[in-house]
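A.B. asks: Show me the folded form of this:
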Amino acid sequence: MSRRSPQLRLLPLPAGYKPPYDLDDAVDAVASAGDLARFARELSKDYREGDEEWLNDSLELFLEALTSAAEDLSDDQPAQWRDLAGLLLAATVRE
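C.D. replies: I've put the predicted structure just below:
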């Protein structure tokens, strides 16, 4: 009698299923303003609902960490940095 190897049975995913948004993978996929907006929305959702606690969980700590991370970057795309700075500034007064 021959032995059959077990077969993997894949269950169909429910209609409309979307895999969870992976912030680490999404960073590399940001290529437009819309991508950045979705990333920011998902980052905010992660802050509110995420299982992991944020180390920089206040605005002050977050901005200090952002400053430190920015100081580690190169200046090879100045227009993009201006755009990001403009977005950060606009977010201080936009509802």
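
A.B. asks: Pull the distance from the helix or strand Ala79 falls within to the chain's centre.
C.D. replies: Counting by DSSP states H and E, the element that carries Ala79 is helix 78-90. Taking C-alpha atoms, centre = their mean, to the nearest Å, one finds helix 78-90 lying 18 Å from the centre of the chain it belongs to.

A.B. asks: Would you enumerate the residues in contact with the spatially most central residue of the chain?
C.D. replies: Centroid-nearest residue in the chain, with C-alpha atoms, centre = their mean: Leu23, separated by 3.3 Å. Shown in contact with Leu23 (C-beta atoms under 8 Å, 6 or more residues apart in numbering): 39, 42-43, 46. From N, CA and C alone the C-beta is placed, and that goes for glycine too.

A.B. asks: how near is it to Ala70?
C.D. replies: Counting by C-beta to C-beta, to the nearest Å, the gap from Leu23 to Ala70 is 18 Å.

A.B. asks: pLDDT score for the nearest residue to Trp81 once chain neighbours are set aside?
C.D. replies: Nearest non-adjacent residue to Trp81, counting by C-beta to C-beta, 6 or more residues apart in numbering: Asp75, 7.1 Å away. Listed pLDDT for Asp75 reads 75.

A.B. asks: can you list the residues that contact the one helix or strand Phe62 maps to?
C.D. replies: Secondary structure from DSSP H and E places Phe62 in helix 59-71. With C-beta under 8 Å, 6+ apart as the test, helix 59-71 has contacts from 54-56.
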